[in-house]
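Visitor: Could you look at this predicted model? Sequence included:
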Amino acid sequence: MIAGTIGVLFSIPGQTVGVSVFTDYLIESLQLSRDALSMAYLIGTVGSSLILTYAGKIYDKNGARFTAMIAASALAITLFLFSYSNPITTSLAKATGIGFSTVSFITLSILFFFLRFSGQGVLSLTSRNLIMKWFDQKRGLANSISSAFQSFGFAVSPLFIALLIGNFSWTEAYQILGMLTVLFLIFAFIFYRDNPEECGLVPDGKINNSLKKNKNTSLNKKQYTLAEARKTWVFWVFALSLSFNAFFITGFTFNVVSVFESCGYSEQKALAVFVPASIISIITALVGNIISDYVKLQKLLFVFLIGCLLSTLGVAILHYEIGYYVLILGNGIMGGLFSVLAAISWPRFFGRQHLGAISGLSMSLIVFSSAIAPLFFSRIFTLTQSYNLAGIIGTVAVLILLLFAIKAKNPQLQ
């Protein structure tokens, strides 16, 4: 559990929260507009989402240690390349005779592809699945402890990266992150183990004889293949719900200052929204993970979608003061339960044998959704000079998902 949690935290440089701190430095150094940088980010992220399912299959075949080490190696190399992105671009522009901005756009698109694929995609997927494979009846409890540390780590990481940049420079900050990732590679080699069975153990540390006849235990589960999981209603309802969260929260976060300024709020008011939302998110994640061991995940999905509904409504009515508080509550609920549903749903519904491929497809949808969100929000603002329409469209989408969720039953119980 500790090893998997550390792995998720080391994926931060490839996550949106890690990339955003470097945005202005990349724009200035590589002579790109903000729109061009966003487009390079979109291209790299969408490209990575298209092959995450195959990465999941590699994880199923080779296990957590091998996959995490490969992902960490690729992430470390990419971080070092980011630190040299300006001289690399300069050399390529001189050698090819192509304009500097054009070469920098192509270079960043490629670097974003490897950054998002290795960090946000494979390393995050592998580390979360590592924890899920080691627990069954206590999966929610383990995930609650892990999620608390993950939430704290993600919350303070921008400050940590900003501190590195302030004390050194943005290029040296990338190099330091790269060296830390190399250290994690060694850590993964020592501590990562794919499942308890290969170590002569069982999930949760022991078999409780009273649970042997329980269909929810790993002893009795049908082990769904990716093809079989894709044919179930519950997979698509849960995957699309998680993808909507990634879509909406990424679009909102990328444009957060503009969203609030369009409704007459200050930048300080805009950034202050994350603090109370994080507190609600941590509490929701702790409670949600613990009770997930005892309740149907469909019920948690309903609460999660209600949180999504509050978030979209908050954006739609943000010009009213109550919209601010509705948005905070919604972001907190859906952010907290996202970590629960994204980790626990797939092993409970489909077993552990093909967990990498199944969660990989879900991750592909999540990453793809997060990639297109910033452009969606910015285009709506360009056309309407407001983000209200984004909130309205999001509200309609959540209501449809709520209707679909009525039939989202656990296939193991059918």
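Guide: The structure has been received and is ready for your questions. Quick caveat, the model's predicted, so the values are computed rather than measured.

Visitor: Going by C-alpha atoms from here, please, whenever you check contacts or count neighbours.
Guide: Will do.

Visitor: Tell me how the chain divides into domains.
Guide: When the chain is parsed with the TED database, its domains come out as 1-195, 226-406.

Visitor: Just send those domains back as a markdown table, with distance to residue 414 and mean neighbour count too.
Guide: Compiled in a markdown table, the domains of the chain are given as follows (distance: least, C-alpha to C-alpha, whole Å; neighbours: other C-alpha atoms under 10 Å):
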| stretch | distance to residue 414 | mean neighbour count |
| --- | --- | --- |
| domain 1-195 | 19 | 20 |
| domain 226-406 | 11 | 21 |
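
Visitor: and after the strand or helix carrying residue 68, which helix or strand comes next?
Guide: Residue 68 is part of helix 52-83 when elements are defined by DSSP states H and E. Helices and strands here follow DSSP H and E; after helix 52-83, the next one along the chain is helix 85-96.

Visitor: Give me the distance from that following helix to the chain's centre.
Guide: Distance of helix 85-96 from the chain centroid (C-alpha atoms, centre = their mean, to the nearest Å) equals 32 Å.

Visitor: residues in contact with that helix?
Guide: 29, 30, 99, 100, 103, 104, 107, 108 (C-alpha atoms under 8 Å, 6 or more residues apart in numbering).

Visitor: Can you flag which of the residues you listed belong to helices?
Guide: Among the contacts of helix 85-96, the members falling in helices (DSSP state H) are 29, 30, 100, 103, 104, 107, 108.

Visitor: show me what contacts the closest residue to the last one other than its chain neighbours?
Guide: I take that to be residue 108. Once flanking residues are discounted, residue 108 sits nearest to residue 40: 6.1 Å by C-alpha to C-alpha, 6 or more residues apart in numbering. Residues in contact with residue 40 (C-alpha under 8 Å, 6+ apart) are 105, 106, 108, 109, 112.

Visitor: again with residue 26
Guide: So residue 26 contacts residue 32 (C-alpha under 8 Å, 6+ apart).

Visitor: quick one on the thing from earlier: can you put the contacts of residue 40 in JSON lines and add pLDDT and distance to residue 283?
Guide: Shown next, in JSON lines, are the contacts of residue 40 (pLDDT from 0 to 100; distance: C-alpha to C-alpha, whole Å):
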{"residue": "105", "pLDDT": "94", "distance to residue 283": "41"}
{"residue": "106", "pLDDT": "95", "distance to residue 283": "42"}
{"residue": "108", "pLDDT": "94", "distance to residue 283": "37"}
{"residue": "109", "pLDDT": "95", "distance to residue 283": "37"}
{"residue": "112", "pLDDT": "94", "distance to residue 283": "33"}
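
Visitor: Now tell me which helix or strand of this protein has the poorest mean pLDDT.
Guide: helix 267-271 (a mean of 77; mean pLDDT, DSSP states H and E).

Visitor: follow-up on the earlier one: with distance to residue 201 as extra columns, can I get the domains of the chain in TSV?
Guide: Supplementary listing: the domains of the chain in TSV, determined by distance: least, C-alpha to C-alpha, whole Å:
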stretch	distance to residue 201
domain 1-195	8
domain 226-406	15
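
Visitor: show me where pLDDT drops low in the stretch 151-300 of the chain?
Guide: Applying pLDDT under 70 to the stretch 151-300 of the chain flags the ranges 207-220.

Visitor: Could you rerun that using 90?
Guide: Applying pLDDT under 90 to the stretch 151-300 of the chain flags residues 151-162, 194-195, 197-222, 249-279, 281-283, 285-286, 288-290, 292-295.

Visitor: Helices along that one, start to end?
Guide: Listed in chain order, the helices found in the stretch 151-300 of the chain under DSSP state H, counting those that start in this stretch are 170-191, 226-230, 233-254, 256-261, 267-271, 274-291, 297-316.

Visitor: Name the residues that touch the second one?
Guide: Spelled out, it's helix 226-230. Here helix 226-230 makes contact (C-alpha under 8 Å, 6+ apart) with 235, 236, 350, 354, 357, 358.

Visitor: Mind doing that once more with 7 Å?
Guide: Around helix 226-230, the neighbours that count as contacts under C-alpha atoms under 7 Å, 6 or more residues apart in numbering are 235, 350, 354, 357, 358.

Visitor: and the gap between the closest residue to residue 387 other than its chain neighbours and residue 88?
Guide: Distances taken as C-alpha to C-alpha, 6+ apart put residue 381 closest to residue 387, at 5.6 Å, once the chain neighbours are dropped. From residue 381 across to residue 88, the span is 35 Å (C-alpha to C-alpha, to the nearest Å).

Visitor: go on, residue 20?
Guide: 21 Å.

Visitor: Check residue 192 too.
Guide: From residue 192 to residue 88 the distance is 35 Å (C-alpha to C-alpha).

Visitor: Equivalent analysis for residue 221, please.
Guide: For residue 221 relative to residue 88 (C-alpha to C-alpha), the value is 52 Å.

Visitor: Of all residues in this protein, which one is nearest the centre?
Guide: Nearest residue to the geometric centre of the chain (C-alpha atoms, centre = their mean): residue 120, 6.2 Å.

Visitor: what sits against that residue?
Guide: Contacts of residue 120 by C-alpha under 7 Å, 6+ apart are 11, 14, 15.

Visitor: so which of these comes closest to residue 81?
Guide: residue 14 (13.4 Å; C-alpha to C-alpha).

Visitor: Find the nearest non-adjacent residue to the closest one, please.
Guide: Of all residues not flanking residue 14 in the chain, residue 119 sits nearest, at 4.3 Å (C-alpha to C-alpha, 6+ apart).

Visitor: Residue 67 too?
Guide: The spatial neighbour of residue 67 that comes closest, neighbours along the chain excluded (C-alpha to C-alpha, 6+ apart), is residue 59 at 5.7 Å.

Visitor: same check, this time on residue 179
Guide: Per C-alpha to C-alpha, 6+ apart, closest to residue 179 is residue 76, 7.0 Å.

Visitor: For residue 337, see how far away the one you found is.
Guide: Counting by C-alpha to C-alpha, the gap from residue 76 to residue 337 is 30 Å.
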